[in-house]
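Asker: predicted model, plus sequence, below.
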Amino acid sequence: MPRDSDTPELDERRIRQAAYQRRALLRARFFMGLSSIACIAGSVDALQYFLGGIIAHQKWMFPALDLLAAIVLFVTGLTLARHARMVHRALKQPKQQPPAKPPDFTGLSDGSQHARKLDEMK
């Protein structure tokens with residue numbers, strides 16, 4: 001089995017794997033953001049049930065459960081939002097580190113020789 005230093009940096013398997021991981025991170029970020037919004041909306045709804053139970057003078061058990069559900073949903077929503085931000089930051093980071101030695105482009109031309117060749121062909 002060849003060592004990592006013997007294989008090219010960008011072979012087909014690595015490119016496919018990197019693309020798959022990026023798509024998985026994008027999906028995860030989307031679903032975490034969507035779940036976060038749903039949890040926070042659910043906590044607002046449970047808080048409304050809690051306040052409605054307090055106003056209607058219900059027994060203490062049901063409003064207490066509504067308040068507990070509101071707290072759990074709100075904390076879950078904040079946690080999901082924090083994880084979505086972490087995934088977003090991971091997606092923003094560059095995929096490859098810049099080379100230690102910059103490439104030498106002095107031997108390259110600007111392409112004007114192709115225009116001259118076309119003019120000579122006319």
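Answerer: Received, thanks. What you are looking at is a predicted structure, and each value in this text was computed from that prediction instead of being measured.

Asker: helices of this protein, start to end?
Answerer: Counting by DSSP state H, residue ranges of the helices within the chain are 12-55, 61-92, 112-121.

Asker: in a markdown table: those, plus mean pLDDT, mean neighbour count and distance to residue 98.
Answerer: Every residue, glycine included, has its C-beta placed from N, CA and C. As requested, the helices of the chain are exported to a markdown table (pLDDT from 0 to 100; neighbours: other CB atoms under 10 Å; distance: least, CB to CB, whole Å):
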| stretch | mean pLDDT | mean neighbour count | distance to residue 98 |
| --- | --- | --- | --- |
| helix 12-55 | 92 | 14 | 17 |
| helix 61-92 | 93 | 15 | 16 |
| helix 112-121 | 77 | 8 | 29 |
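
Asker: state the distance from residue 38 to residue 45.
Answerer: Residue 38 sits 10 Å away from residue 45, going by CB to CB, to the nearest Å.

Asker: please apply the same query to residue 65.
Answerer: Residue 65 sits 13 Å away from residue 45, going by CB to CB.

Asker: rebuild the helices of the chain as JSON lines, extending it with distance to residue 100.
Answerer: Compiled in JSON lines, these are given as follows (distance: least, CB to CB, whole Å):
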{"stretch": "helix 12-55", "distance to residue 100": "20"}
{"stretch": "helix 61-92", "distance to residue 100": "23"}
{"stretch": "helix 112-121", "distance to residue 100": "32"}
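
Asker: and these: which comes nearest residue 101?
Answerer: helix 12-55 (22.1 Å; CB to CB).

Asker: just checking, what packs against that closest one?
Answerer: Here helix 12-55 touches helix 61-92, going by 3 or more CB pairs under 8 Å, 6 or more residues apart in numbering; DSSP states H and E.
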